[in-house]
Structure formats: structure tokens, C-alpha cells
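J.: just a sequence and a predicted model for now, questions to come.
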Amino acid sequence: MFTQQKYIGELMKKAGMVGCAACHTPLSSTTKISALRGSSFHDPSLYRSVVGSLQYLTIIRPEISYCVNKLARFVRSPLDSHWKMVKCVLRYLNGIACHGLHLKKDIANAAMRITTYSDSDWAVDLDDRKLTTRYYVFLGPNLVSWALKKQTAVARSITITLQLP
């Protein structure tokens, strides 16, 4: 099992959130984030440092990748509302710091099936209305790859083509 309990503890110290209450989700998927609404955060370097640390954690905690990607868009000029959302992610991590990524052999299915999931948010970004697409690939019960990408253009529809060998 792979965990980042010590790293999360150090991150909580850096953000001044040691002993904070845990929460059940990092951020709601319906949370609207804007670069234009609110007052500037008093310590942009702290925001950049914490969000960068969260980006590192997405390697072993893919469930936070969506919200960390959203928050990383504002490292140039973070607002107080952005920092409040970063704190929500940190509270979530505080509650699951002892949990880890389990890699296990699927004994029931020796073939280790490949399963993929994909999803898109349709123009949820309030500033540029661009689509964010994400996918996850599992080998048996193990997550082996994932990606999250903001599209370069505004789209009205999307088509996904899968080719199987």
C-alpha cells in the first residue's frame, strides 16, 4: 500500500491547518470558480506552493485531480475564494491521510480486463466556457492511468471514437 501520510502532515503545517476538521469530499463537482469575483489572497506564494504540493499528490490521489486542476488555473493571481477551496481539499486530505493506493492481483479474472471511464464538463468554467475532459483506465481493479485536459477551443459537442484490437 502506498500512502503519503507524512507528506500530507507537512502540507497541513505549511497551510496552518494542523488539527482541522475533516470533510467527506474535496470539492463539489458543481462548484463554480471564477478569476474575477472576490478579493486578492494576501499570500500568493503560499497559494502557489500549496497548489503545487497538491499537484504532486494527484499521482497517488487521483480523486483530487479534478479540483486541483481547477485551482491551479489561478496561481497567477489567487483570490480569497480560491484559498477557501484549497482549504476544503486540505480538509479532505486530512481525513483520508492514512488511506492509501492498493495494487492487487485480480485472482477471479486472470486476464486482468482493461476498463476505461471518461467524462466531460460542458462549459462549466465561467471565464472561458471551455470543456474539461477526463478519463481513467483500470487494469483489473487497479487504476493505471488517468488524464484531465482542458480543451483549447469552445465546443458545442464532442465525439469519442474507440478502436479495439
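T.: Yep, that arrived.
J.: relative to Tyr135, how far out is Met85?
T.: 24 Å (C-beta to C-beta, to the nearest Å). Glycine gets a C-beta too; all of them are placed from N, C-alpha and C.
J.: give me the more crowded residue out of these two.
T.: Per other C-beta atoms under 10 Å, whichever of Met85 and Tyr135 has more neighbours is Met85, with 20 against 15.
J.: I'd say that one and Ile33 touch.
T.: Yes: with contact defined as C-beta atoms under 8 Å, Met85 reaches Ile33; the gap is 6.8 Å.
J.: what's opposite Thr115 in the beta bridge?
T.: Phe138 (DSSP bridges).
J.: tally of neighbours for it?
T.: 11.
J.: for Val68, same thing?
T.: 22.
J.: got it, and Thr31?
T.: Burial of Thr31 is recorded as 12 neighbouring residues (other C-beta under 10 Å).
J.: so who does Val137 touch?
T.: Residues in contact with Val137 (C-beta atoms under 8 Å, 6 or more residues apart in numbering) are 114-116, 143-146.
J.: also Trp146?
T.: By C-beta under 8 Å, 6+ apart, the contact set of Trp146 is 62, 65, 134-137.
J.: mind listing the residues bridging to it?
T.: Applying DSSP bridges, one finds that Trp146 bridges with Tyr136.
J.: and it, how far is that from His42?
T.: The span separating Trp146 from His42 equals 34 Å under the rule C-beta to C-beta.
J.: on that earlier part again, make JSON lines from the contacts of Trp146 and add pLDDT to it.
T.: Formatted as JSON lines, the contacts of Trp146 follow (pLDDT from 0 to 100):
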{"residue": "Pro62", "pLDDT": "79"}
{"residue": "Ser65", "pLDDT": "85"}
{"residue": "Arg134", "pLDDT": "83"}
{"residue": "Tyr135", "pLDDT": "85"}
{"residue": "Tyr136", "pLDDT": "86"}
{"residue": "Val137", "pLDDT": "86"}
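J.: longest helix anywhere in the protein?
T.: helix 80-96 (DSSP state H).
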